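Asker: what follows is a predicted structure for the sequence shown.
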Amino acid sequence: RKEVEQDPGPFNVPEGATVAFNCTYSNSASQSFFWYRQDCRKEPKLLMSVYSSGNEDGRFTAQLNRASQYISLLIRDSKLSDSATYLCVVNGNFYGGSQGNLIFGKGTKLSVKP
Amino acid sequence: NAGVTQTPKFRVLKTGQSMTLLCAQDMNHEYMYWYRQDPGMGLRLIHYSVGEGTTAKGEVPDGYNVSRLKKQNFLLGLESAAPSQTSVYFCASSSRTGWATEAFFGQGTRLTVV
């Protein structure tokens, strides 16, 4: 099982739509969770961290379910500028050692159409 | 404010040649990472470092070596390049792996091995 798994996508949605991304992770000892955004041929950039109680940043809402080892990202009122690949990122000791690693899912591509 | 700088940005190697990719960060971060990104595979962790003088293996370490002689620099070496190492390489750094810790990425190195 891959350490971090995401919806394969791609998601093609019209402007104004609500879109949800899902992610599961394998290491129950994982401590931190994030969503990153990557534009075509660019480096990944932090979109938002994910807290146990859930958190919101404008049109973006992130949820964490530790019992199910599940993370989600909801985008409301999609904009053309939201078109990108969304990466689920988890911190944990996936490869041994005493410190955490940052492990990325494969990403889900979102295309928002006019 | 440079952040994370990778050199070179592009490189073409012949099979069997060697090269070193340099990552430099000016944020005094303890943790540094090397990832490779291939179509359909997402970002995969090659090696990481939790501090000056320390390195550890990630998911796909074979064929690569790393060194962290100075806190601000993390070098990735390919001793004998193979076509399978054609990829986009990203370096990242973070202050720690914990709550709400952002990893900052360099702009990537596009490597082609022919």
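Answerer: That came through, no problem.

Asker: at the geometric centre of chain B, which residue sits there?
Answerer: In chain B, the centroid-proximal residue (CA atoms, centre = their mean) is B:W34; its distance is 2.7 Å.

Asker: determine the set of other helices and strands touching the helix or strand harbouring that one.
Answerer: Assigned by DSSP states H and E, B:W34 falls within strand B:31-38. In terms of contacts (3 or more CB pairs under 8 Å, 6 or more residues apart in numbering or on different chains; DSSP states H and E), strand B:31-38 is packed against strand A:101-104, strand B:19-25, strand B:42-49, strand B:73-78, strand B:87-94. Just so you know, the C-beta spots here come from the backbone N, C-alpha and C atoms, and that holds for glycine as well.

Asker: buried ones in that strand, by neighbour count?
Answerer: Residues B:Y31, B:M32, B:Y33, B:W34, B:Y35, B:R36, B:Q37 are the ones in strand B:31-38 that count as buried (16 or more other CB atoms under 10 Å in any protein chain shown).

Asker: please name the residues that touch the fifth one.
Answerer: Just to be clear, that refers to B:Y35. B:Y35 makes contacts with A:F104, B:L43, B:R44, B:L45, B:I46, B:Y89, B:F90, B:C91, B:A92, as judged by CB atoms under 8 Å, 6 or more residues apart in numbering or on different chains.

Asker: if we use 10 Å, what do you get?
Answerer: Taking CB atoms under 10 Å, 6 or more residues apart in numbering or on different chains, we find B:Y35 in contact with A:44, A:102-104, B:42-48, B:58-60, B:76, B:87-92, B:103, B:105, B:108.

Asker: who's in contact with the residue most central in space within chain A?
Answerer: Taking CA atoms, centre = their mean, the centroid of chain A lies closest to A:C88, which sits 3.1 Å from it. The contact partners of A:C88, by CB under 10 Å, 6+ apart, come to A:4-7, A:21-25, A:33-36, A:50, A:71-73, A:103-108, B:42.

Asker: helix/strand/coil for it?
Answerer: With DSSP: H, G, I helix; E, B strand; the rest coil as the basis, A:C88 sits in strand.
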